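Visitor: curious how this folds, go ahead:
(chains A and B)
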Amino acid sequence: MSALSERPANPVVGLSMPHESAAGHVTGEALYTDDLVLRSHRVLHAHPVQAPHAHARITALRTEPAYDVPGVVRVLTAADVPGVNDAGVKHDEPLFPDEVMFHGHAVCWVLAETLEAARLGAAAVDVDYEPLPSLVTVREAIEADSFQGGQPHLERGDVGSAFDAAEHVFSGEFEFSGQEHFYLETHCSLAQVDENGQVFVQCSTQHPSETQEIVAHVLGLHSHEVTVQCLRMGGAFGGKEMQPHGYAAIAALGATLTGRPVRLRLNRTQDMTMSGKRHGFHARWRVGFDADGRFQALDATLTSDGGWSLDLSEPVLARALCHLDNSYWIPNVRANGRVAKTHKTSQTAFRGFGGPQGMLVIEDILGRCAPLLGIEPDELRARNLYRPGHTTPYGQPVGHPERLHAAWEQVLASGDFAARTQEIARFNAAHAHTKRGLAITPVKFGISFNLTAFNQAGALVHVYKDGSVLINHGGTEMGQGLHTKMTQVAATALGVPLAKVRLAPTRTDKVPNTSATAASSGADLNGAAIKNACEQIRERLAQVAATRLGVSPADVRFSDGEVHAVAFSGERVSWEEIVHAAYFQRVQLFAAAFYRTEDLHWDSSVMHGEPFKYFAYGVAASEVEVDGFTGANTLRRVDIVHDVGESLSPLIDIGQVEGAFVQGAGWLTLEDLRWDESDGPGRGRLLTQAASTYKLPSFSEMPAEFNVALLQHAPEEGAVYGSKAVGEPPLMLAFSVREALRQAVAAFGPAGTSVDLASPATPEAVWWAVQQARRSVEHGHVAEGSPGVVPDQPAADAHEYEPESERVQHQLSRT
Amino acid sequence: MESPSVTVNGRTVPLDAVAPHTSALDWLRGEGLTGAKEGCAEGECGACSVLVARPGITTPTEWTPLNACLMPAASLDGQEVMTAEGLGTAKDLHPVQREMAVRGGSQCGYCTPGFVCSMAAEYYRPGRCAHNGDPGAASGGDHHDGEHGPNGFDLHALSGNLCRCTGYRPIRDAAYALGEPGQDDPYAARADQAPPAPRATRVVVDDAAFVRPVDLTETFALLAERPDAALVAGSTDWGVEVNLRGTRAPLTVAIDRLPELRTFEVTDEHVEIGAALSLTEVERRLDGRVPLLDQMFPQFASRLIRNGATLGGNLGTGSPIGDTPPALLALDAVVVLASADGERQVALADYFTGYRQSVRQTGEIIRAVRVPLPLARLTAFHKIAKRRFDDISSVAVGFALDVEDGVVRRARIGLGGIAATPIRALRTEEALTGQPWRDDVVRRAAEVMSREGTPLDDHRASSAYRAAMLGQFLLKLYAESPSPQEVPA
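Guide: Alright, predicted model coming up:
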């Protein structure tokens, strides 16, 4: 065991704890950003003026009529920006645009005494637009050669020769939808200038440090003049990693200009029409198998629909390419990626961050090709799973693949997979109008930010004279239970009861230069930093205790609020007593700590290296039933075994696995982002812009039987107390639902039917697939042999893939 | 007239200068009760759910969960409201709150106060724990199945609450772990007392007014004065109009507590259902008498919406995608319209005249709906939506067929979502009537049915799918109906 992963006796980590704010949640006492408005006086409310065009030039903007509306105090426009008029870090997203880039783009903001007055004021602002041609779909963008950012290229082996030698070559095309985050709490910021002249922004943000930076550059201030606090978020899922910054900047700009607090809270329609979503993708692929169905070669070109600006599209695409293999050994691979520029919201991070999109492509390929190969889908997947000694296409050894196999076997056994497969075959033979399907799929997900520099974190831990502990760290709480885990880590590292530890809200003036709470890395990074800070304090206290107990400091143990000598039945001194003594001996009772994930390296210009500290694994089997009359379907049973290492907090981890699974199933089977693709006046408008039209899973989508187990005896050497990250990986367990639907649909057709299933597989999409299966249409959706569908190769003048942040790092390492 | 006030969590709070368009949610939050949240502002997510003391059926009062975002704050004048803050505190949790907290029922916590209120209402539902079932619960009472817990908890109680974090399993477990309210439970005790009486209300702010008239006569007088007045009962549509479309009616008139609109009567000829009874009340008062409606209720929006929404409202808005019209058309329902000049009856089949248009004249209100008796024997309600709970239909069909000796004697089929108004499938009815209830006939009729109406292409469904579903529904009805000799006489 490494020092990082080793647990002391009686650890507080590993205990099942409810969320640290659970009592506040259930009573409504837990506060969110918009609940703070009443605590400030004379708050102004902000409302956007949203453009009704997908693409247009603003030829005139008359704000005077807004001032005629009683209660309107100020209209914010580009002329008000003292610093940089940009809401991002890439300088491609003007905060106040002169060119409308998507339907609903905010062109200016109205501040008023009430939200009602701000709304009426915004309606009164008079804007002239000169409409411009627009690209709304990813296909339109591909045809128009409209791309943005770098184009990553990943290659291993000799794809050409492998295809020549392959027994079977198939090719096809696949386009699938994105996903709206639909965090229950929409974007919200409350900004004011405090008594010290400091700009203070309370913001629902996953990335307070970047919110701070962007507020500062918009206001023309230095970072030390801006403080951002995030109390907690009502859900985020990646949607508040990059997207809150502009709204925070608007609120802060309003506060500095008016001298009054400004509240900016998007309503649901504004949030859905203005904020970025999970990227939809388009893929063209060619795949070669040997006679036994083993992958020989894969050539794929993935085009993500980036929307109007780059945002996080480049790293999302990089992760997609890095997860094209999912859990499968593919000896020869060529993968190209590009980001389409379309006139839509700027798509962004969403739980999985491109990983789900890359993996969906390979799972779709397997689902479509299994019947063509004449191999059962579960067998085809099992045959191709990574084994010891394999490396990923980007050159990273696949650590502990035996854990993937263990999870696979456990799901087959606990899920009674073989017997149920037979039972389903009998059911399907006996029912003409109802068919069932059972599918098993694996997950392998790389943990760490792809970009090495982001894998750092800080913490600040205070022990007060009375022995109480206050911890600060750079991570944010969005419901994932990070703060719960962090208090458990601190209690474990200090050897005190959990009740001794309190956690302060995340603030940029406590821990600076933090990374986003993202990439599932929150507990790994911040936990290691907190552990380090606590151990600094503990070591100092050990000196004090050693004198008191008359032993060597190395023999002092801290456990459950008591300090004693190892293996001695002798004196036990209370934690408080040692702390008290330490203060009078002038021993420092607080510590700052820093953590950087070791052993990572990555060169995205060649897409090669070891970007991940480890892989998280999981396996799911899902059973569905499809009604042949309507395509309506139900999720009958789900069995999951997921690898969280040695869990820091089992109740929290199981909650993450279940929640991610259902969210993934929502993306794949229900949630339907529809944009107006017509040439009519509403072109580019998001049609599903409300909860009434964009349906996320409700109680009716919960699996009737839902068995979730954590993989046992799987400590992770490289992470805090042997745990593994859990936020994102289980989302991809939901592929099993989509594949089960595919198999149920196939059962409506003759044996060996290959099914082309749209994503999302809504009841309507499933019904059309059933119709196709019944007509046993030739498998027109999969081309057999060569040339078939040929994935586009990058143009000679394609931008090299090397994100700005990485370029800086490379320049440093070269000098 | 007393100055308007609301009792919130046991404390009387003045409803001072509350604008008629202000929702109960915004008002509560403005009063510092920020537990209820705005997630969608259109009654879809339930994050704003609060409990309102309403007249009960098995107890004098029932704590009824409603979406606070959809209710005019002024409509609560004289009423009692309970929020998550009132149910318990972090130091003294209510049993529902305790189960939710310890079982991981909250992650981000934003939806949680709303879940707690919806769950608390089901916790207090009279007869929930009774082993002989609750006679009022048409959805099945206390049996433990996919939608009911061993403690009688009906999961449909939570169908109007969305959680984006948990995947629902721990929330279900919390719900199913609830015991019975204790003997000294104050909220249960409150249910045994009379409900707050409706209070005549008049709130005027700037040029807009909210009025709860004392009786029908005053209602007609108000309508005569302001024909453009917005009539509200459950206000489930009003809230969407106000919050999402910025509608600001000069006069809003609440008619949900007028006794003439809350009748329920069963005679030999018909069942009369007051237009302002909530769908939950209708479901429980019908008590299984109209199986077609029993099939429809659980598919109509969510329990939170059904606790407010009314038949009068669903017909009054005249939406072509309302869920009750296809069922009521199949039942040959009659609309009772009342005005200062008296009453008249109009067959629902003749009621709709165009997109959100009807024969209802200025000054008329829908007082009741009558369902003629006896009922057809073979009935079904089919609905297509992306989601099973709480979704708007892309197509809905109500079937009511009389099949005797293997022959279809009479057929009534109501369709929603395929034309500018809800319509009858007249050609399909004709293709079936007098014909044997047999595979080939049904197939031919299904062909006819899939050509009824002029379905639209939109974000909910393609026109081709909608059309296809019409025929599929008939085939499904046939496949799932008992064979001719088994049709009960």
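Visitor: tally of neighbours for the residue in chain A positioned nearest to chain B?
Guide: Of all residues in chain A, residue A:28 sits closest to chain B, at 1.9 Å by C-beta to the nearest C-beta. No exception for glycine: its C-beta is placed from N, CA and C like everyone else's. Residue A:28 has 28 neighbouring residues, counting by other C-beta atoms under 10 Å in any protein chain shown.
Visitor: residues contacting it?
Guide: By C-beta atoms under 8 Å, 6 or more residues apart in numbering or on different chains, the contact list for residue A:28 reads B:33, B:34, B:35, B:36, B:83, B:84, B:85, B:112, B:113, B:116.
Visitor: of the residues you listed, closest to residue A:769?
Guide: Closest to residue A:769 out of the contacts of residue A:28 is residue B:112 (37.6 Å), distances taken as C-beta to C-beta.
Visitor: does that closest one touch residue B:106 like I think?
Guide: Yes: the pair residue B:112 and residue B:106 passes the contact test of C-beta atoms under 8 Å, sitting 4.3 Å apart.
Visitor: what about residue A:545, which SS state?
Guide: Under DSSP: H, G, I helix; E, B strand; the rest coil, residue A:545 falls in the helix class.
Visitor: in the stretch 1-150 of chain B, which spans are helices?
Guide: B:24-30, B:84-87, B:95-102, B:112-123 (DSSP state H, counting those that start in this stretch).
Visitor: the stretch 151-300 of chain A too?
Guide: Taking DSSP H, counting those that start in this stretch to define them, one finds helices in the stretch 151-300 of chain A at A:159-165, A:208-219, A:244-258, A:268-274.
Visitor: as a check, name the ranges of all strands in the stretch 101-250 of chain B.
Guide: All strands of the stretch 101-250 of chain B, identified by DSSP state E, counting those that start in this stretch, fall at B:201-205, B:208-212, B:230-232.
Visitor: among those strands, show me which one is buried the most.
Guide: Ranked by mean neighbour count, the strands of the stretch 101-250 of chain B are led by strand B:230-232 with a mean of 24 (mean count of other C-beta atoms under 10 Å in any protein chain shown).
Visitor: circling back: for residue A:421, find the nearest of the strands of the stretch 101-250 of chain B.
Guide: Of those, nearest to residue A:421 by C-beta to C-beta is strand B:230-232, at 54.7 Å.
Visitor: can you give the distance of the closest one from its chain's centre?
Guide: 16 Å (C-alpha atoms, centre = their mean, to the nearest Å).
Visitor: can you check stretch A:10-21 too?
Guide: 24 Å.
Visitor: next, the distance between the ends of it.
Guide: Across stretch A:10-21, the terminal residues are separated by 24 Å (C-alpha to C-alpha, to the nearest Å).
Visitor: what's the answer for stretch A:225-233, then?
Guide: 24 Å.
Visitor: follow-up on the earlier one: nearest to chain A among the contacts of residue A:28?
Guide: residue B:35 (1.9 Å).
Visitor: so where's chain A uncertain?
Guide: Low-confidence segments of chain A, defined by pLDDT under 70: A:1, A:568, A:777-780, A:803-815.
Visitor: any idea which residue sits dead centre in it?
Guide: residue A:351 (2.2 Å; C-alpha atoms, centre = their mean).
Visitor: point out where the stretch 51-200 of chain B drops to low pLDDT.
Guide: When residues are selected by pLDDT under 70, those of the stretch 51-200 of chain B lie in B:131-144.
Visitor: again, only using 90
Guide: B:126-127, B:129-147, B:183 (pLDDT under 90).
Visitor: who touches residue A:74 in this structure?
Guide: A:44, A:110, A:111, A:254, A:257, A:258.
Visitor: rerun at 7 Å
Guide: Residues counted as contacts of residue A:74 (C-beta atoms under 7 Å, 6 or more residues apart in numbering or on different chains) are A:111, A:254, A:257, A:258.
Visitor: distance of the residue nearest to the last one when sequence neighbours are not counted relative to residue B:376?
Guide: For residue A:258, the nearest residue in space outside its immediate sequence neighbours is residue A:74; the separation is 5.6 Å by C-beta to C-beta, 6 or more residues apart in numbering or on different chains. Distance check for residue A:74 against residue B:376: by C-beta to C-beta, to the nearest Å, it reads 64 Å.
Visitor: please enumerate the helices of the stretch 351-500 of chain A.
Guide: Along the stretch 351-500 of chain A, counting by DSSP H, counting those that start in this stretch, helices occupy A:355-373, A:377-384, A:401-414, A:417-430, A:482-494.
Visitor: residue A:638: which of those is closest?
Guide: Nearest to residue A:638, of these and by C-beta to C-beta, is helix A:401-414 at 10.0 Å.
Visitor: for the residue nearest in space to the middle of chain B, list the residues it contacts.
Guide: Geometric centre of chain B, nearest residue: residue B:306, 2.3 Å, by C-alpha atoms, centre = their mean. With contact set as C-beta under 7 Å, 6+ apart, residue B:306 has these partners: B:278, B:279, B:280, B:297, B:300.
Visitor: 6 Å - rerun?
Guide: B:279, B:280 (C-beta atoms under 6 Å, 6 or more residues apart in numbering or on different chains).
Visitor: low-confidence ranges in the stretch 301-450 of chain B?
Guide: In the stretch 301-450 of chain B, residues with pLDDT under 90: B:318, B:386-393.
Visitor: what comes up buried for the longest helix along chain B?
Guide: Ranked by residue count and defined by DSSP state H, the top helix of chain B is helix B:463-480. Residues of helix B:463-480 classed as buried by neighbour count (16 or more other C-beta atoms under 10 Å in any protein chain shown): B:465-478.
Visitor: mind listing what the residue nearest to residue B:37 when sequence neighbours are not counted touches?
Guide: The spatially closest residue to residue B:37, leaving aside those adjacent along the chain, is residue B:47, at 4.2 Å (C-beta to C-beta, 6+ apart). Each residue near residue B:47 by C-beta under 6 Å, 6+ apart is listed here: A:184, B:37, B:39, B:111, B:114.
Visitor: quick check, nearest of the residues you listed to residue A:169?
Guide: residue A:184 (46.8 Å).
Visitor: wait, that closest one sits on residue B:112?
Guide: No: in this structure, residue A:184 is not within contact of residue B:112 by C-beta atoms under 6 Å, at 9.4 Å.
Visitor: the two: which has the busier surroundings?
Guide: Remark: of residue A:184 and residue B:112, residue B:112 carries more neighbours, 37 against 29, as counted by other C-beta under 10 Å.
Visitor: contact partners for the more buried one?
Guide: With contact set as C-beta under 6 Å, 6+ apart, residue B:112 has these partners: A:25, A:26, B:106.
Visitor: swap the cut-off to 7 Å and go again
Guide: Applying C-beta under 7 Å, 6+ apart, the residues near residue B:112 are A:25, A:26, B:100, B:106.
Visitor: pull the most distant pair out of these.
Guide: In those, two members sit farther apart than any others by C-beta to C-beta. They are A:25 and B:100, at 7.8 Å.
Visitor: give me phi/psi at the closest residue to residue A:603 other than its chain neighbours?
Guide: Distances taken as C-beta to C-beta, 6+ apart place residue A:609 nearest to residue A:603, at 5.4 Å, with adjacent residues excluded. Here is the backbone geometry of residue A:609 (degrees, to the nearest 10): phi 140, psi -160.
Visitor: how far away is residue A:609 from residue A:266?
Guide: From residue A:609 over to residue A:266 the distance is 39 Å, taken as C-beta to C-beta.
Visitor: of the contacts of residue B:112 - the most surrounded one?
Guide: In terms of neighbours by other C-beta under 10 Å, the contacts of residue B:112 top out with residue A:26 at 34 neighbours.
Visitor: looking at this, it is in a helix?
Guide: Yes: when three-state DSSP is applied, residue A:26 is found to be in a helix.
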